[in-house]
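K.L.:
Dropping the sequence and predicted coords here.
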Amino acid sequence: KFPDEKERIVYGGEPLGFLDIIYNGQSHSEHIMSLRLYQQIIEGNWFTDNKELMKTKYQRRIIKLMNSVMNVNDNKNYMMGMFKNLASQNLKENTMWINKDEIELCLPELRQLFFEK
């Protein structure tokens, strides 16, 4: 029906319950896990019990995305655009609910981005 469509979404059921986005035939499941973790952090949710979500690689990707947003205006990268949309929506609300006990269990570099920049 839509031969030029380049995006496929695999949905899992919870807020930002996407498991994967396939764009131009490429899976972005690891990026999606990073976005899910970021969303849990900024909403003040308990997230450290989820060992899959707390993987270091997802935390490092959040660090990379946050640094890129703060230092570069790159709208060409698909996943960077998704992160910017998620972050800007939160900034419009002017509130981030961060659970201090939970963020203490994240990588020091990630904690630093939330509290020292």
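P.N.:
That came in fine, so what should we check first? What you see is a predicted model, and the numbers here were worked out from it, not measured in a lab.
K.L.:
By mean pLDDT, flag the weakest helix or strand of the protein.
P.N.:
When each helix and strand of the chain is scored by mean pLDDT, DSSP states H and E, strand 7-11 comes last, with a mean of 52.
K.L.:
where's the residue nearest to the spatial centre of the chain relative to residue 101, distance?
P.N.:
Centroid check for the chain by C-alpha atoms, centre = their mean gives residue 35 as the closest residue, at 1.8 Å. Using C-beta to C-beta, to the nearest Å, we find residue 35 at a distance of 22 Å from residue 101. No exception for glycine: its C-beta is placed from N, CA and C like everyone else's.
K.L.:
Low-confidence regions, the chain specifically.
P.N.:
1-18, 72-76, 89-94, 117 (pLDDT under 70).
K.L.:
Can you name the element that comes right after the least confident helix or strand of the chain?
P.N.:
Going down the chain from strand 7-11, the next helix or strand is strand 18-23, by DSSP states H and E.
K.L.:
Residue 57 contacts residue 29, correct?
P.N.:
No. Using C-beta atoms under 8 Å as the test, residue 57 is too far from residue 29 to be in contact (11.7 Å).
K.L.:
neighbour-wise, which of the two wins?
P.N.:
Between residue 57 and residue 29, counted using other C-beta atoms under 10 Å, residue 29 has the larger neighbour count: 13 against 9.
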